[in-house]
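Visitor: Need a 3D model of the sequence below.
(2 chains)
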Amino acid sequence: MNRTAPYRLMSREERIDWWTGQWRRTLPGLMTLGLIVLMTAPVFAPLPLMPQLGLLGVFIWATFQPAMMPPWLAFLLGLVSDLLFGLPLGVNATLLPLTAMFVRGFEARFGHHVYGFDWVMLAAVALVYQLLGWQAARFAGNATGFAPLLVQWLITVAAYPAVVTLCAALQRRFIGPRT
Amino acid sequence: MDWPPPSRRMSTTRREQNLALLGALASGAVIAVALVLLLLSRANPENSARLRGTAIDVVAPVWSVVRIPFDLIGTGFGYVGDYIGAASRNRDLEKLTAQQARALQTQAAITHENQQLRSLLKVVTPDRRVVASARIAGASSGAVIRSAVVSAGSANGVAVGQPVRVAAGLVGRTVEVGASATRVLLLTDANSRIPVTIVRTGQSALVVGASRALVEVRERVGAEVPLVAGDRLVTSGDGGVFPPGIPVAVVVDGSQEPPLARPFVNPAGLGMVLIESAYLPVPATVPVETSTVAVPREAGGGRTKPSIITSTPRATASALPPPPAPVIAPPVAAAAKPAAPALKYVPRAMNVPLAAPVLSPTDTPAAPPQ
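Guide: Got it, this is the predicted structure:
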């Protein structure tokens, strides 16, 4: 999959390999899209039991493969999730690229971390995400209390290990271990 | 490390700097576009209505299929559960049936009397019509939005602003319509406002969602009368969307302010819902022929000046004709405190809200009431 030689120097088999491996670039985006669609499952609960899977997807892929989760892709994913959830257009479309940019800058500056540190960082990012999302939705005319958002924040933090395990398995299976 | 790994052969510091700069510019542009979208959705939330309709059109079929095995399992458990405790439940139901048989006889007499009175009074009852029965195929049960997606859309005659119900009570109303799917704003959403009547006291109130299981009872007329747990709230028919008499919620805590109520319908257990036509949809602006409006000719009325009866304040603002050319107004009248003007138009039909009649300046009485 990695392009080891200039394209013209590849053999025919190498070129076929290279082209057929290109779909892997779309894996983080597709998987996050799948997570966002999963959030529209017809599950009704008194509390917002659905974690912010879109945020988790963007956050995890921005730590694993920053080049495959650029801010413009996060923007498109945010746009889709705003449309699917019935939120005012622009809430997630602003916050998800901001998340991707923040994680990218943070990783570039401070390097990679142990698992627990990433988890704490996600908790902080998700809290800011909920706060800003609350204010953005309020700005666009969807006023609501903050207590349900806190519940959703806790559930998002609790769901992090499961999603990160899934993403890691996909990365190891299809993209290769991190070098 | 980034993917693909940066090629050592071509990398130079300058090239990396340029790429970083371009990347930062692109990211900034993306954020700027997103913020503009947010501003636009504040200014005009209906901008993206078609896109939203398309989005739910795409997702609803997925969940319609995915939920089939879960529904089957649920039905199976339901069958098994029906056999457990069937005997005792049968005894209870027989007791209840005996009670209700007596009540039914009284009710038949009351219904007959009611019909007679209605025909005597020539009460106009709008017809209620089921537009579609649809399966729930998606939800947004997040912290900000509480909505469901049902698998019927404009192709089935569904429009924005129609009540959604089941036999047990009200579910919500339609807010976004695609070709084959519709988003339903649930009672529990913070943006939901349902005009209700409290059955025991007859007070009107609003049921307001709060993004949790219970809803709040607000804007109650006569708030000094306390609500008690068990008070039933049914739709009042105000506002024209929901037909009167649909069960909405039952009060569980009347001691605090605002009182809390539990909706009769929990969307978690629902398979199919009914979408009804709007009860009394707000009519579009109705132009009235000027000859039917008695405006004195000498007051600038007659055929030269259009008069419009409108139904809503918004329609009034947008549909009012430009102000008539200033008629010579006596200075006395201009200085006088205008008395309440007599209505110039008596609506024939009931339920037509009357906007303030269009008055010319000379309609104010010349002599100030002292």
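
Visitor: centroid residue for chain A?
Guide: Nearest to the mean C-alpha position of chain A, counting by C-alpha atoms, centre = their mean, stands residue A:58 at 1.3 Å.

Visitor: any idea which helix or strand carries that residue?
Guide: According to DSSP states H and E, residue A:58 maps onto helix A:53-64.

Visitor: so what secondary structure elements neighbour the helix or strand just after that helix?
Guide: Sequence-wise, the next helix or strand downstream of helix A:53-64 (DSSP H and E) is helix A:71-85. Counting contacts by 3 or more C-beta pairs under 8 Å, 6 or more residues apart in numbering or on different chains; DSSP states H and E, helix A:71-85 is packed against helix A:27-38, helix A:53-64, helix A:91-110, helix B:13-43, helix B:49-83. Just so you know, the C-beta spots here come from the backbone N, C-alpha and C atoms, and that holds for glycine as well.

Visitor: Pick the most buried one from these.
Guide: helix A:53-64 (a mean of 25; mean count of other C-beta atoms under 10 Å in any protein chain shown).

Visitor: what about it, average pLDDT?
Guide: For helix A:53-64, the mean pLDDT works out to 92.

Visitor: Compute the inter-axis angle for that helix and helix A:91-110.
Guide: 20 degrees (axes from the mean of the first three to the mean of the last three C-alpha atoms, to 10 degrees).

Visitor: Which stretches in chain B count as strands?
Guide: For chain B, strands defined by DSSP state E occupy the ranges B:130-141, B:146-150, B:163-166, B:169-177, B:182-186, B:193-198, B:204-208, B:215-218, B:232-235, B:247-253, B:260-263, B:272-276, B:286-287, B:308-309.

Visitor: Now do the last one, average pLDDT.
Guide: Per-residue confidence for strand B:308-309 averages out to 43 on the pLDDT scale.

Visitor: Pull the contacting residues for whichever residue of the stretch 101-250 of chain B sits closest to chain A.
Guide: Closest to chain A within the stretch 101-250 of chain B is residue B:213: 3.3 Å, counting by C-beta to the nearest C-beta. Counting by C-beta atoms under 8 Å, 6 or more residues apart in numbering or on different chains, residue B:213 makes contact with A:46-47, B:188, B:262.

Visitor: how close does it sit to residue A:153?
Guide: Distance check for residue B:213 against residue A:153: by C-beta to C-beta, to the nearest Å, it reads 19 Å.

Visitor: Over to residue A:71?
Guide: Applying C-beta to C-beta to residue A:71 and residue A:153 gives a distance of 23 Å.

Visitor: before we move on, what about residue B:279?
Guide: Counting by C-beta to C-beta, the gap from residue B:279 to residue A:153 is 40 Å.

Visitor: cool, and residue B:91?
Guide: 49 Å.

Visitor: Of the two, which one has the most company?
Guide: residue A:153 (22 against 10; other C-beta atoms under 10 Å in any protein chain shown).

Visitor: In chain A, where is pLDDT below threshold?
Guide: Applying pLDDT under 70 to chain A picks out residues A:1-4, A:112, A:177-179.

Visitor: Now with 80, please.
Guide: A:1-7, A:46, A:108, A:110-114, A:141-144, A:176-179 (pLDDT under 80).

Visitor: do the stretch 251-370 of chain B as well
Guide: Counting by pLDDT under 80, the ranges of the stretch 251-370 of chain B that qualify are B:269, B:281-370.

Visitor: Close to chain A: what parts of it are there?
Guide: Within the stretch 251-370 of chain B, the positions near chain A by C-beta under 8 Å from any C-beta of the partner chain are B:266-268.

Visitor: hmm, try it at 6 Å
Guide: Within the stretch 251-370 of chain B, the positions near chain A by C-beta under 6 Å from any C-beta of the partner chain are B:267-268.

Visitor: that older thread, mind putting the contacts of residue B:213 in a markdown table, neighbour count and distance to residue B:23 included?
Guide: Output for those, formatted as a markdown table (neighbours: other C-beta atoms under 10 Å in any protein chain shown; distance: C-beta to C-beta, whole Å):
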| residue | neighbour count | distance to residue B:23 |
| --- | --- | --- |
| A:46 | 15 | 44 |
| A:47 | 16 | 39 |
| B:188 | 25 | 43 |
| B:262 | 15 | 52 |
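
Visitor: with those residues in mind, which one is nearest to residue B:74?
Guide: residue A:46 (18.6 Å; C-beta to C-beta).

Visitor: Secondary structure class of that closest one, three-state.
Guide: Counting by DSSP: H, G, I helix; E, B strand; the rest coil, the backbone at residue A:46 sits in coil.

Visitor: how about the nearest residue to it, chain neighbours excluded?
Guide: Leaving aside its sequence neighbours, residue A:46 sits nearest to residue B:213 (C-beta to C-beta, 6 or more residues apart in numbering or on different chains; 3.3 Å).

Visitor: That's all I had, so thanks and see you.
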